[in-house]
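S.K.: Okay, structure incoming, though there's no sequence with it:
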């Protein structure tokens, strides 16, 4: 099975891939394994024509370029000549309002989200809480192995990840299980 033949939950066939705070200024975003997981999900999303949103934390609109999303992620959409992506700045840990507004303006669906990025115990968590409140009917899946928490111990703490499952009935945690030999992804 190659990257273009991945199986997925049919309910997420038309999802928005949300990449939260993957900016070099956040040390966890520099993790190569995390970047590879997100790139794999990006390829899968692009193959299925699904929009990608890069949510970027900024204190002001004139922040320096190190506040931009990791270049390897932006390069992937550009190299693929993929135009169904947007970059959205946010000024707080929760970026859900900005995501919904960006989806509305770009005419992206708001019924299914795959959420990745850093930090799982701060910005990812707060954005997911906000999305579940703004879109209670949406399916929101946090892709655990495409997220990193601020403390390494949290990444392997099952009780932390279970908190996502208890936020709301529309939020769940999943793993994108990758098989390096076949380049497949299963959610």
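M.R.: Received the coordinates, thanks. These figures come from a predicted structure and were not determined experimentally.
S.K.: okay, CA-based contacts and neighbour counts for the rest of this
M.R.: Noted.
S.K.: show me what contacts residue 140?
M.R.: Contacts of residue 140 were listed using Cα atoms under 8 Å, 6 or more residues apart in numbering, and they are 112, 113, 114, 115, 128, 131, 132, 170, 171, 172.
S.K.: What about these, which one has the most neighbours?
M.R.: Across the contacts of residue 140, the neighbour count under other Cα atoms under 10 Å reaches its highest value at residue 115, namely 26 neighbours.
S.K.: May I ask which helix or strand encompasses that residue?
M.R.: When secondary structure is defined using DSSP states H and E, the element that contains residue 115 is strand 112-118.
S.K.: is it true that residue 28 touches residue 152?
M.R.: No: under the criterion of Cα atoms under 8 Å, residue 28 is not in contact with residue 152, lying 9.3 Å apart.
S.K.: Quick one: the helices in this structure, in order.
M.R.: With DSSP state H as the criterion, the chain has helices at 32-47, 71-79, 96-106, 125-134, 152-155, 158-167.
S.K.: The ones you listed: which one's closest to residue 145?
M.R.: Each of the helices of the chain was scored for nearness to residue 145 using Cα to Cα, and the closest is helix 32-47 (7.1 Å).
S.K.: Just name whatever secondary elements that closest one is in contact with.
M.R.: Helices and strands in packing contact with helix 32-47 are listed as strand 16-20, helix 71-79, strand 139-148; criterion 3 or more Cα pairs under 8 Å, 6 or more residues apart in numbering; DSSP states H and E.
S.K.: buried sites along that helix?
M.R.: Of the residues in helix 32-47, those scored as buried under the neighbour-count criterion (16 or more other Cα atoms under 10 Å) are 34, 35, 37, 38, 39, 40, 41, 42, 43, 44, 45, 46.
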